[in-house]
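1. how would this look folded up:
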Amino acid sequence: RQYRQPSTTMANDMITADDVLVYIPNIIGYLRVALTLVSITLMICFPERWDVAIIFYVASFVGDLFDGMAARKFNQCSTFGGLLDMVTDRCSTAGLLCVLSREYSNESALALVSCQFAAFVLSLDGFEVCYQF
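-> Presented below is the predicted three-dimensional model:
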């Protein structure tokens with residue numbers, strides 16, 4: 001599948017789906033996924049290293065700021081990048097809520113995880129409507 005480059009200077013250039021996968025903002029998004037996975041793994045398997053886990057978790061959300069900035073600066077906005085960003089945000093928050101519910105064995109934390117999951121499903125429906133997958 002090919003798409004038109006949104007830039008006015010390169011109006012005739014065609015980009016492929018493979019090109020979109022290596023956009024700078026998407027690479028930042030992949031890094032965010034890795035940081036989140038390492039963070040959640042540290043929280044679960046090595047709770048004594050909570051300080052390092054928090055650093056990775058915060059770094060993942062700082063990356064959220066930079067992927068948006070990079071997308072606008074390099075004119076590399078894409079539907080895939082938007083979906084990657086949204087899913088990473090939701091999964092990061094849900095993962096943290098799961099860790100907290102496990103740590104504190106609290107029913108209210110489980111209710112928050114359920115609410116987060118519902119918000120995730122609803123946002124995917126909205127995303128699908130907006131971008132017509």
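
2. for this protein, what spans make up the strands?
-> Secondary structure of the chain (DSSP state E): strands at 2-4, 14-16.

3. In terms of mean pLDDT, which of those strands ranks lowest?
-> Sorting those by mean pLDDT places strand 2-4 lowest, at a mean of 46.

4. Can you give me the pLDDT of Cys115?
-> 74.

5. That should have said Cys98, apologies.
-> With respect to pLDDT, Cys98 scores 81.

6. what sits against the spatially closest residue to it that is not a sequence neighbour?
-> Distances taken as Cβ to Cβ, 6 or more residues apart in numbering place Val113 nearest to Cys98, at 5.8 Å, with adjacent residues excluded. No exception for glycine: its C-beta is placed from N, CA and C like everyone else's. Applying Cβ atoms under 8 Å, 6 or more residues apart in numbering, we find Val113 in contact with Ala94, Leu97, Cys98, Ser101.

7. my read: the second one touches Ala111, true?
-> No: with contact defined as Cβ atoms under 8 Å, Leu97 does not reach Ala111; the gap is 9.6 Å.

8. Pick out the least confidently modelled helix or strand of this structure, by mean pLDDT.
-> The weakest-scoring helix or strand in the chain, judged by mean pLDDT, DSSP states H and E, is strand 2-4 (a mean of 46).

9. And the most centrally placed residue in the chain, how close does it get to Leu42?
-> The centre of the chain sits closest to Thr88, judged by Cα atoms, centre = their mean, with a distance of 2.2 Å. Computed with Cβ to Cβ, to the nearest Å, the distance linking Thr88 and Leu42 is 17 Å.
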